[in-house]
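1. would you be able to build a 3D model of this:
(4 chains)
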There are 2 protein chains.
Amino acid sequence: MSIREVAEQAGVSMATVSRVFNRPDTVNAVTRAHVLQMAQTLAYLPNASARSLRTQRSRVIGVVLPTLLNPVFAECLDGIAKAASSAGYAILPITTDYRLESEELAVQQLLAGNVDGMLLVVSNPATSSALARLRTANLPYVLAYNQHPDHPCVSVDSERAVHELVARLAALGHRRITLISGQLAASDRAQQRQRGFSAGMQALGLDGTQWLEVPFVETAVQDICALLQRSPRPSALVCSNDLLAIRSIRAAHLAGLRVPQDISVTGFDGIALGEDLTPMLSTITQPNAEIGRHGVQLLVAAMAAGEAVSPASSVLLAHGFRAGESCAPLS
Amino acid sequence: MSIREVAEQAGVSMATVSRVFNRPDTVNAVTRAHVLQMAQTLAYLPNASARSLRTQRSRVIGVVLPTLLNPVFAECLDGIAKAASSAGYAILPITTDYRLESEELAVQQLLAGNVDGMLLVVSNPATSSALARLRTANLPYVLAYNQHPDHPCVSVDSERAVHELVARLAALGHRRITLISGQLAASDRAQQRQRGFSAGMQALGLDGTQWLEVPFVETAVQDICALLQRSPRPSALVCSNDLLAIRSIRAAHLAGLRVPQDISVTGFDGIALGEDLTPMLSTITQPNAEIGRHGVQLLVAAMAAGEAVSPASSVLLAHGFRAGESCAPLS
DNA sequence: TTGTATGCGTTATCAA
DNA sequence: TTGATAACGCATACAA
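-> Purely as a prediction, here's the structure:
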């Protein structure tokens, strides 16, 4: 069903039908009603490819995420999807599983896929070849969760958040605090959180060099469990994300420790599920959906203006702290 | 950068450049190398819209899901994304938040978006107006998680799974078992699970009429907590999904009950996170990623053949049972 | 207010 | 093995 058939059936020109859909105000009311009626009965839908080809815009936003298996990104994508939809955009998501070559491939694919802009979470903006490629393509893009002066970013101040968190734990009496981190090399967020940890500990005169890097999900629980069985053990674990915190609680259980009575555990991300757990996760909360929404908003504005998103429009959204139950005063 | 410019720069015709990309074997090796080289230096990428317009296929699969905030669907989408990608398809997901009007709108949008096929999870295939519309559009589609004789479906046998589960609980000594269900009206899965519960209980000579329908996430914990404070209380809760199971465990905690010592709780879905919880979730596992993968596979085959997916190709994948720790013999 | 005609970038048909 | 060309469905400049 094409615009031509609708035009023929309605007894008007293709141009008129086109105008009915794109600039309804420029066509006579009765003609418009007639055309609309005809389009309706013929179940006419404008062909997106033809429209994109002609207008040179697809109304599609490409999205590059590490994974959907971490609820942080699922929540964010949900925000992206809603914001995009209400701005009249569709989304085309690709996951990279934290693999650098996938990042570059994803950007490549999206470039070829004719997207109008891209929203991405990369491993490390400073070294990302995907970003380099994207820049030369001159396509509007925004980074989410990443933070870098040369790129437009929507994130929270991870470093400060963890710094504050450490102070909070210290105020509860904790002195032996260990950081449980994801792969530092694979994520600028992990690095920022680690810096916040070290700085926070140092500011309190505590030892900020104790951390465990957990490279693989599969062995995370074992690794943490092993750490907890060494003596002396920490009285608090600062985990660089909520999934690690959940696994730390599991590890504590396997090591025969109660949370929070024997050991405090904190997370980072504020995934919704954490609120339903027992003990409820004590964690730094990020507005995940809002991060997505805001990113889309910046992107849409830039695409409308036909220009790149300025790094100057980067924003740090407010983080929060959910007290939860996985964290208690040192007894 | 268009095919025409590449052709000019390479000193060949547009047709040859096109062939280099689409049927490389039909063009002379040195010509091909030359064109490829030129395309490379010009950073040429074929325009997806033009290609779609010409070939009448977009190589995009539309995906309609209730939400990404339930890890079940995030895991499934992950499987879909990977399968689609390796088959050369992109995906265009839309979430409906379990709202019927959104389902119809989503189908409408995807139809207009020129997708080659659709993979969807609807509330209820029997009554879905979205599906009716989709059928008249004559576009290949597959349902996931849903189950209905008139449609091609990829799912597990929910009814049997819950039936078996009830028997398992009874074998542990449980007699007073209550079903915690999501909105029955909003989901055929919930209905199937409820039927499995009733049938399973009845087969054992137990009272299969005890169930609590939890319509809203916001009040789920309170509602379940209230149930647990009535006397006599059930010794086991069969939850119709993992998120409800997690909230039930929370509710038990708030009611002063220990899981599984005071009350057993089982889930349904097998979300990965359940394995890291303490107590580890006892649950019926579905191969969520595999459901997505299989759906894509059926769809891709049908799209290649240019025909609809037959309801006869519906498949019930095997479910499993994760013993976990949230479930124990009646003491 | 409406119609005519062109071109967006590609693939496919046909001829060379 | 290659080239010329038409057509996919649409939006828009321009003419009426």
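2. for the stretch 1-150 of chain A, just list every one of the helices.
-> Taking DSSP state H, counting those that start in this stretch as the criterion, the stretch 1-150 of chain A carries its helices at A:3-10, A:14-22, A:29-41, A:48-55, A:71-86, A:100-112, A:129-137.
3. same question, the stretch 201-331 of chain A
-> A:217-229, A:242-254, A:288-305.
4. highest mean neighbour count out of those helices?
-> Stretch with highest mean neighbour count among those: helix A:242-254 (a mean of 25; mean count of other C-beta atoms under 10 Å in any protein chain shown). Yep, even glycine has a C-beta here, placed from its N, CA and C like the rest.
5. which elements pack onto it?
-> strand A:177-181, helix A:217-229, strand A:236-239, strand A:264-269 (3 or more C-beta pairs under 8 Å, 6 or more residues apart in numbering or on different chains; DSSP states H and E).
6. just checking: what are the partner strands of the first one?
-> This points to strand A:177-181. strand A:211-213 (parallel), strand A:236-239 (parallel) (DSSP bridges).
7. deepest of the helices of the stretch 1-150 of chain A, which one?
-> helix A:71-86 (a mean of 23).
8. export it to PDB, keeping only CA atoms.
-> Only the C-alpha atoms of helix A:71-86 are listed here, as PDB (Å, rounded to 0.1, in the frame of the first residue of the first chain):
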ATOM      1  CA  PRO A  71      19.600  -4.300  35.600                       C
ATOM      2  CA  VAL A  72      21.300  -0.900  35.700                       C
ATOM      3  CA  PHE A  73      21.400  -0.900  31.900                       C
ATOM      4  CA  ALA A  74      18.000  -2.500  31.500                       C
ATOM      5  CA  GLU A  75      16.600   0.300  33.700                       C
ATOM      6  CA  CYS A  76      18.500   2.900  31.700                       C
ATOM      7  CA  LEU A  77      17.300   1.400  28.400                       C
ATOM      8  CA  ASP A  78      13.800   1.500  29.700                       C
ATOM      9  CA  GLY A  79      14.200   5.300  30.300                       C
ATOM     10  CA  ILE A  80      15.800   5.700  26.800                       C
ATOM     11  CA  ALA A  81      13.000   3.800  25.100                       C
ATOM     12  CA  LYS A  82      10.300   5.800  26.800                       C
ATOM     13  CA  ALA A  83      12.000   9.200  26.100                       C
ATOM     14  CA  ALA A  84      12.800   8.200  22.500                       C
ATOM     15  CA  SER A  85       9.300   7.000  21.900                       C
ATOM     16  CA  SER A  86       7.700  10.200  23.200                       C
END
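9. how about it and chain B, touching?
-> Yes: shown here: helix A:71-86 in contact with chain B (C-beta under 8 Å from any C-beta of the partner chain) through A:71, A:74, A:75, A:77, A:78, A:81, A:82, A:85.
10. can I get these in CSV with pLDDT?
-> Below are the residues of helix A:71-86 next to chain B laid out as CSV (pLDDT from 0 to 100):
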residue, pLDDT
A:71, 98
A:74, 98
A:75, 98
A:77, 98
A:78, 98
A:81, 97
A:82, 97
A:85, 96
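11. just give me the closest of those residues to residue A:264.
-> residue A:71 (22.2 Å; C-beta to C-beta).
12. how close does that closest one sit to residue A:12?
-> To residue A:12, residue A:71 is 51 Å away according to C-beta to C-beta, to the nearest Å.
13. out of the helices and strands packed on helix A:242-254, the one nearest DNA strand C is which?
-> Evaluated over the helices and strands packed on helix A:242-254, closeness to DNA strand C peaks at helix A:217-229, with 39.7 Å, by C-beta to the nearest atom of the strand.
14. and the contacts of that closest one?
-> A:178, A:180, A:212, A:214, A:233-234, A:237, A:243-244, A:247-248, A:250-252, A:254-255, A:257, A:263, B:276 (C-beta atoms under 8 Å, 6 or more residues apart in numbering or on different chains).
15. try it again at 6 Å.
-> The contact list for helix A:217-229, computed with C-beta atoms under 6 Å, 6 or more residues apart in numbering or on different chains, reads A:212, A:214, A:247, A:248, A:250, A:251, A:254, A:255.
16. what parts of the stretch 101-250 of chain A come near DNA strand C?
-> Residues of the stretch 101-250 of chain A lying near DNA strand C by C-beta under 7 Å from any atom of the strand: none.
17. per-residue confidence at the residue in the stretch 101-250 of chain A that DNA strand D sits nearest to?
-> Per C-beta to the nearest atom of the strand, residue A:114 is where the stretch 101-250 of chain A lies closest to DNA strand D, at 13.2 Å. On the pLDDT scale, residue A:114 is placed at 91.
18. contacting residues for it?
-> Contacts of residue A:114 (C-beta under 6 Å, 6+ apart): A:58, B:48, B:49.
19. can you list those residues in JSON lines and add pLDDT and distance to DNA strand C?
-> Formatted as JSON lines, the contacts of residue A:114 follow (pLDDT from 0 to 100; distance: C-beta to the nearest atom of the strand, whole Å):
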{"residue": "A:58", "pLDDT": "96", "distance to DNA strand C": "12"}
{"residue": "B:48", "pLDDT": "96", "distance to DNA strand C": "8"}
{"residue": "B:49", "pLDDT": "96", "distance to DNA strand C": "7"}
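20. how much space separates residue A:62 from DNA strand C?
-> 18 Å (C-beta to the nearest atom of the strand, to the nearest Å).
21. correct me if wrong: that residue contacts residue A:91.
-> No: if you go by C-beta atoms under 6 Å, residue A:62 and residue A:91 don't touch, sitting 7.7 Å apart.
22. which of these two has more neighbours?
-> residue A:62 (27 against 22; other C-beta atoms under 10 Å in any protein chain shown).
23. how about the more buried one, what does it touch?
-> By C-beta under 6 Å, 6+ apart, the contact list for residue A:62 reads A:92, A:110, A:115, A:118.
24. what residues does the closest residue to DNA strand C within the stretch 151-300 of chain A make contact with?
-> For the stretch 151-300 of chain A and DNA strand C, the shortest gap (C-beta to the nearest atom of the strand) falls at residue A:299, measuring 22.2 Å. Taking C-beta under 6 Å, 6+ apart, we find residue A:299 in contact with A:117, A:140, A:142.
25. relative to residue A:148, how far out is the last one?
-> It stands for residue A:142. 12 Å.
26. between the two, tell me which one has more neighbours.
-> residue A:142 (26 against 18).
27. so the more buried one touches residue A:118, yeah?
-> No: counting by C-beta under 6 Å, residue A:142 stays clear of residue A:118, with 7.7 Å between them.
28. against residue A:53, how distant is residue A:46?
-> 12 Å.
29. likewise for residue A:268?
-> With C-beta to C-beta as the criterion, residue A:268 and residue A:53 are 45 Å apart.
30. ok, residue A:290 next?
-> In terms of C-beta to C-beta, residue A:290 sits 35 Å off from residue A:53.
31. near chain B, which residues of chain A? Just list them.
-> Residues of chain A lying close to chain B by C-beta under 6 Å from any C-beta of the partner chain are A:45, A:48-50, A:52-53, A:68-69, A:74, A:77-78, A:81, A:90, A:92, A:95, A:111-114, A:246-247, A:249-250, A:253, A:276, A:278.
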